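**Student:** Build the 3D model from these lines:
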Amino acid sequence: YITDLEQLFTHHRVTADDEKKKWFIYHPGIDIAEFWESFPEYSSGKTCTKFKTAVTKHYADPDPDRKYDCQDLDCVIGQYAGKIDLLAELAAYYRDFYPKAKHLVSKNHLSIHETSHLFSKGFTPHVWDSIIRRLQIKLPDHHPTDPYSVSEIHSTTQFILQSTN
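**Tutor:** Numbers count the residues shown, from 1 in each chain. Model prediction:
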């Protein structure tokens, strides 16, 4: 939101701090606008930069390195655990799981091995048994102690669920 506003300010040559602050509170809705207007930094004479800093202090960490944490991934797993019987449910689970897991791996908060293990927790024992059987057929030389990748598990699950839908 803030980045979009700053681009619009540049494009439309909005330079006055009071005008920027007025537009800053215009779209988020009345409750949020009233909250932001209550900040001392919103008053006339204060810079928009100080106002923006005050606003962002009241929200989740804007640091892109902290976009997701392991608790976010646990919530996704908990939301879908034992409920994936259809391709649509698998697609939703993968859409929610994969970006968070990829981010955590890229920040060294999670290993690839842990990611595969966590992804498997989203399936019922019955579905997981079918996935493992299919993977053993599909990849006969795969060492039993090595984890399957998330992409291997995902594509195999798609195959299995297509045959049951």
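**Student:** can we go C-alpha only for contacts and neighbour counts from here?
**Tutor:** Fine.
**Student:** any idea how far the spatially most central residue of the chain lies from C48?
**Tutor:** Nearest to the geometric centre of the chain sits K100, at 4.9 Å (Cα atoms, centre = their mean). Distance, K100 to C48, using Cα to Cα, to the nearest Å: 32 Å.
**Student:** swap in V55?
**Tutor:** Counting by Cα to Cα, the gap from V55 to C48 is 10 Å.
**Student:** Which one of the two is surrounded by more residues?
**Tutor:** C48 (22 against 16; other Cα atoms under 10 Å).
**Student:** Local confidence estimate at the more buried one?
**Tutor:** Note for C48: predicted pLDDT of 92.
**Student:** List the contacts of it.
**Tutor:** 17-18, 20-21, 41-42 (Cα atoms under 8 Å, 6 or more residues apart in numbering).
**Student:** Then K121?
**Tutor:** K121 neighbours (Cα under 8 Å, 6+ apart): 77, 81.
**Student:** ok, now F24?
**Tutor:** 2, 5.
**Student:** For it, what are phi and psi?
**Tutor:** Torsion angles at F24 (phi, psi; degrees, to the nearest 10) stand at phi -60, psi -40.
**Student:** Sounds good, over and out.
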